[in-house]
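>>> The sequence and its predicted three-dimensional model are supplied below.
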Number of protein chains: 2
Amino acid sequence: MAQKPSIPKGTRDFNPEQVAKRNYIFNTIQAQFERFGFQPIETPSFENSDTLMGKYGDEGDRLIFKILNSGDFLNKVNDTLYAEKDSGRITPKISEKALRYDLTVPFARYVVQHQNEIEFPFKRYQMQPVWRADRPQKGRFREFYQCDADVVGSTSLWQEVEFVQLYDAVFTALKLDGATIKINNRKILSGIAEVIGASDKLIDFTVALDKLDKIGEEKVKEEMLSKGIPQTGIDALQPLFSLSGDFATQINQLKTILNTSDEGKKGIEELEFIDAAISELGLSTAKLQLDVTLARGLNYYTGAIFEVSAPEGVAMGSIGGGGRYDDLTGIFGLKNVSGVGISFGLDRIYLVLEELNLFPETVTKNIDVLFINFGDKEALFSMKAIKELRANNINAELYPDAAKMKKQMNHANKRNIPYVVIVGEKEIETNTYALKHMVSGEQSSVTLTQLVSQLS
Amino acid sequence: MAQKPSIPKGTRDFNPEQVAKRNYIFNTIQAQFERFGFQPIETPSFENSDTLMGKYGDEGDRLIFKILNSGDFLNKVNDTLYAEKDSGRITPKISEKALRYDLTVPFARYVVQHQNEIEFPFKRYQMQPVWRADRPQKGRFREFYQCDADVVGSTSLWQEVEFVQLYDAVFTALKLDGATIKINNRKILSGIAEVIGASDKLIDFTVALDKLDKIGEEKVKEEMLSKGIPQTGIDALQPLFSLSGDFATQINQLKTILNTSDEGKKGIEELEFIDAAISELGLSTAKLQLDVTLARGLNYYTGAIFEVSAPEGVAMGSIGGGGRYDDLTGIFGLKNVSGVGISFGLDRIYLVLEELNLFPETVTKNIDVLFINFGDKEALFSMKAIKELRANNINAELYPDAAKMKKQMNHANKRNIPYVVIVGEKEIETNTYALKHMVSGEQSSVTLTQLVSQLS
């Protein structure tokens, strides 16, 4: 009995149309990465487990896919440990490799391992799949691509400016007008926590604040209270909930709130630098917006924090994010290497482009012309023309079998092939080709030279 | 103590130059795939274990990387089985997914799973990594890419003709002149085995014959004898060892040898068809050669067998291979779907292009121009020009820090950036840019318009 074929949950097959659309996004992002001077690297799909474990918190450790050792892997497990039958404790004994969970940790590992070959500051991009044993749900997969650009080896804020421009350039190239690039700074968050006397609760504080959009002001305050942030502190926060106006106006309000925090003031200074530069340089289609509730990935961001929202009216989470981390490579023993980077969410960008009908029609273009097959003699005559067409960059093919004409025409229809060429006795005798347009039905008799020029 | 970073054996990091060169090969192959009417699909990196296991023989089963189930995986193992501490028997209980071992089995699974959406004949290409727990050695990795093109749903020999042309087109596009496309047919091998009375030993016979190039005639005969092929049969083989001349001449010699085998004669007929068509159509840089010792992947090939050798003088194994398999999808319950396909060996093609110095210089081209950074005022002025350059498809960047001039110039040198632009007080005042060519040292003062046109 044959198996009924299926794929693991949370994974996907991509058909030709989907691959073409995904490649359109990849190619657009890649072109801008290179325009901005980023260079590609690739790292292995699996890393040594100790490279990955402990880098993403307990939750991350659980979600990392582990690869079973080859051969008689139980042989390495001593009997006492084996007798415990403890999955957690046995794992490191039977699995030494794990699938990449993101691109940042492998990049940090790469930088440290190859530090002597790398010319710093090093601007790299990487577009590769990552794997997470997350519960699959709408828009969340167990295998998905990340598209990252990072710079390491410079603390210059011009990098942040450049990343804002890069987001703008990519979304403009994708014709996705109106993306909002939200920016915040870890130092602002630290400053606020300091001002309200909750420095020791920075994580709890920011996790709660991060939910403002979703659960509203009251619930955020409740959560803060429940985490032990004092009511006086929460009262002091009040101006934060009513921040309004443009970037500069909000910055001015923040200055009042943070006037007793040196770190907060440093954060303001950084944001002002970026805003001033972007105002001078201009953005094409995106807008830059200050969002002091933005806290993503706070565990390692130390400066700027970025997140991009799709244009208004499109219900979609963030389509990109990133930030600065001052000690990217410290976990692998290379200290004082600051990094800053951004990521593009391929799957969500795909859904947004689909929803807004922004994929160019040419993206899913198939072949240009199909030659109908009436038998080997006609096929050979056709193949000579096909060879010539291909040499002229025209995508052409022969229907492989001398099937019924109707079947072959149906095939052309189903594949949306715009033209067919019909070669019979008469055409061979007169050295011509009957070129038929599939939509209009128009048909004409042409020479090979005409065929090439008409299909070019 | 920080970890000393490393990657698992048999895997590789790719630096920017290597990625660029690999992408050059991928893009060249992809362009020809599409020129010939093949469409891309992608399948998940891991499949359900039962999709892969048992498809590649015992050796293959061993070499498949298995993924450990998430959570408390030992919980599912009953105590009796657990007590055996048998790695082989416990594996299916603690691992339900496995990394792709090749692209052919996932493709077969895809075709069966999506048969109702697919318009046959279906010409698909796929370029994705595969993983094998092989012993790593020179040129053999545990993670490597396969680049496959296959057609399913037609038994037409025009497909085989097209694959010969496709090989020729790709190697021509890569400027890799003089590749040899070797062709054989399973039916020829079956016919020979039949004629020498060794039909029941077809595999042993072909495995031995396949080694002719490596170990020579005498050792091949010894191996056949040791496998139980009778001396009379081996004697009958003698003409095979002295086949010579061009394709047609060898075919004629084969006709004599195989004149009592219907299957052998069918194989000859197929080879003659392909040779005749290719002779009529011509090849650009490759040559087609009959090789009756060719037996690769015999387990599932049923018709044509292909293998490509690098140009003479380059010591390298095959750089491509493929063939026809009449029952590709039968293992997944869809009968009578014939497939034929070829594969390109990316890593070996890379090494050949490297050895013959065939990578175009532009492939590893980096950015076009670096702007020297003298401080924020100058940087902002520079960023305005950089924005303009990028809008004109010129890859440009600012050195992020106002470091010493010498350090910045060194950076440009080390990255082989052809031009630098220097912006100081004077340039800002006069609204000009000092453009310096790094090799010649020539320097000129230009306007923004001139800058764009000179760098275009």
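Great, that's in hand.
>>> how close does residue A:187 sit to residue A:113?
Distance from residue A:187 to residue A:113, counting by CB to CB, to the nearest Å: 31 Å. Placement of C-beta: from N, CA and C, glycine included.
>>> Settle it for me: which of the two has more neighbours?
Using other CB atoms under 10 Å in any protein chain shown as the criterion, residue A:187 and residue A:113 rank with residue A:187 on top: 24 against 20.
>>> Help me confirm that that one comes into contact with residue A:258.
No: applying CB atoms under 8 Å as the test, residue A:187 and residue A:258 come out as separate, 9.3 Å apart.
>>> where do the contact lists of the two overlap?
A:264, A:267 (CB atoms under 8 Å, 6 or more residues apart in numbering or on different chains).
>>> Run through the residues of the stretch 151-300 of chain A sitting next to chain B.
Residues of the stretch 151-300 of chain A lying near chain B by CB under 8 Å from any CB of the partner chain: A:151, A:154-156, A:158-159, A:161-162, A:165, A:169, A:277, A:280-282.
>>> Look at the residue in the stretch 151-300 of chain A that chain B sits nearest to and report its pLDDT.
Per CB to the nearest CB, residue A:156 is where the stretch 151-300 of chain A lies closest to chain B, at 3.6 Å. Predicted confidence (pLDDT) for residue A:156: 97.
>>> my guess is it meets residue B:383, correct?
No: the criterion here is CB under 8 Å, and residue A:156 misses it with residue B:383 at 11.8 Å.
>>> between these two, which one's more packed in?
Each of residue A:156 and residue B:383 has its neighbours counted (other CB under 10 Å); residue B:383 has more, 25 against 22.
>>> So the more buried one is in contact with residue B:399, correct?
No: the criterion here is CB under 8 Å, and residue B:383 misses it with residue B:399 at 11.6 Å.
>>> joint contacts of these two?
residue B:371.
>>> any idea how far residue A:48 is from the one residue in the stretch 251-400 of chain A that gets nearest to chain B?
With CB to the nearest CB as the measure, residue A:333 is the residue of the stretch 251-400 of chain A nearest to chain B, at 3.0 Å. Note on residue A:333: its distance to residue A:48, by CB to CB, is 15 Å.
>>> So between the two, which is more surrounded?
residue A:48 (19 against 13).
>>> What strand or helix carries the spatially closest residue to the more buried one that is not a sequence neighbour?
Nearest residue to residue A:48, sequence neighbours excluded (CB to CB, 6 or more residues apart in numbering or on different chains): residue B:8, at 5.7 Å. For residue B:8, there is no host helix or strand (DSSP states H and E).
>>> circling back to that earlier point, tell me the SS of the residue of the stretch 151-300 of chain A closest to chain B?
Using DSSP: H, G, I helix; E, B strand; the rest coil, the secondary structure recorded for residue A:156 is coil.
>>> secondary structure class for the residue nearest to it when sequence neighbours are not counted?
Spatial nearest neighbour of residue A:156, excluding adjacent residues (CB to CB, 6+ apart): residue B:400 at 3.6 Å. Following three-state DSSP, the label given to residue B:400 is coil.
>>> which ones are touching residue B:400?
Taking CB under 8 Å, 6+ apart, we find residue B:400 in contact with A:121, A:151, A:154, A:156, A:158-159, B:373.
>>> Specify which member of the residues you listed is nearest to residue A:453.
For the contacts of residue B:400, the residue nearest residue A:453 by CB to CB is residue A:151; the value is 48.2 Å.
>>> how many neighbours does that closest one have?
Each residue near residue A:151 was counted by other CB under 10 Å, and the total is 26.
>>> Might one say that the residue nearest to residue A:48 is in contact with residue A:47?
Yes: if you go by CB under 8 Å, residue B:8 and residue A:47 touch, sitting 6.9 Å apart.
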